[in-house]
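Chemist: Sharing a model that was predicted from the sequence below.
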Amino acid sequence: MSFEAVPTLQQLAMQRLLADEDLAISALEELPIMLFPPLFEEAFIERQTKVVKAMVVSWPFPCLPLGALMCQAKVDNFQAVLDGMDWLNNQNVWPRRCRLQVLSLQDVYDDFWEGCVGKKSTQWTKPVDATTEGKKHQLKVVVEYSLMYLTLTDYNSAFMLWLIQRRDTMWIYFVLCGSGIK
């Protein structure tokens with residue numbers, strides 16, 4: 001006899017919320033902060049681009065550790081993240097809830113939630129000063145490339161062009177990793 005795992009109440013609530021993108025987007029302002037990472041992860045994996053962009057715009061943590069989800073990245077869901085970053089970058093005053101400072105594409109966290117709350121001590125997870133609420137921050141993008149895997153496909157080329165076009169408005173950090181070949 002086999003038993004299927006029974007979904008938790010939280011999982012059922014997230015599934016219901018994501019079933020209606022407009023409802024999910026309108027609920028973001030009142031969504032408990034602890035639900036942001038699992039909801040974002042599910043929306044990103046399911047390629048719900050409108051929800052992903054809206055969640056970037058209202059991200060309540062200093063770091064969006066997208067590197068932990070890059071194995072799930074497709075052009076459309078990754079572009080939704082970039083569109084959210086662009087939207088924030090073009091605003092003089094940010095949404096009240098947004099605390100985003102860094103989009104990290106480094107694969108340094110074991111899970112997505114850990115990267116959001118900053119359990120590992122890094123310079124990217126320092127909390128935002130409460131006196132800056134609603135004010136515009138200069139966004140940082142941290143990119144990790146392995147020399148072994150640095151092949152400029154159309155996807156990488158488009159992302160590199162996006163970074164180059166924003167070099168005057170965002171801090172961009174590249175972390176190059178060795179190939180591991182001896």
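Modeler: Arrived safely, thanks for sending. Numbers count the residues shown, from 1 in each chain.

Chemist: hey, what's the residue at minimal distance from the centre of the chain bridged with?
Modeler: By C-alpha atoms, centre = their mean, the mean C-alpha position of the chain lies nearest to residue 64, the distance being 3.9 Å. On the basis of DSSP bridges, residue 64 is bridged to residue 103.

Chemist: any idea how far it is from residue 24?
Modeler: As for residue 64, its distance to residue 24 is 17 Å (criterion: C-beta to C-beta, to the nearest Å). (C-beta placed from N, C-alpha, C; glycine too.)

Chemist: try residue 43
Modeler: 7 Å.

Chemist: Find the residues that touch each one of those two.
Modeler: 18, 51 (C-beta atoms under 8 Å, 6 or more residues apart in numbering).

Chemist: Between the two, which has more neighbouring residues?
Modeler: A count of neighbours by other C-beta atoms under 10 Å puts residue 43 above the other of residue 43 and residue 24, at 24 against 21.

Chemist: Assign the more buried one to helix, strand or coil.
Modeler: Secondary structure for residue 43, judged by DSSP: H, G, I helix; E, B strand; the rest coil, is helix.

Chemist: now residue 61
Modeler: Put simply, residue 61 is coil when judged by three-state DSSP.

Chemist: so it touches residue 55, yeah?
Modeler: No. Residue 61 is beyond contact range of residue 55, at 10.9 Å (criterion: C-beta atoms under 8 Å).

Chemist: what is in contact with the two at once?
Modeler: With C-beta under 8 Å, 6+ apart as the test, residue 61 and residue 55 both reach residue 36.

Chemist: Next SSE downstream of the helix or strand containing residue 11?
Modeler: Assigning secondary structure by DSSP states H and E places residue 11 in helix 9-19. Downstream of helix 9-19, the first helix or strand assigned by DSSP H and E is helix 21-27.

Chemist: just the helices in the protein please.
Modeler: 9-19, 21-27, 36-45, 49-57, 75-89, 112-117, 154-165 (DSSP state H).

Chemist: Tell me the helices and strands packed up against the third one.
Modeler: In this case it means helix 36-45. Under the contact definition 3 or more C-beta pairs under 8 Å, 6 or more residues apart in numbering; DSSP states H and E, helix 36-45 sits against helix 9-19, helix 49-57, helix 112-117.

Chemist: Perfect, I'm done here.
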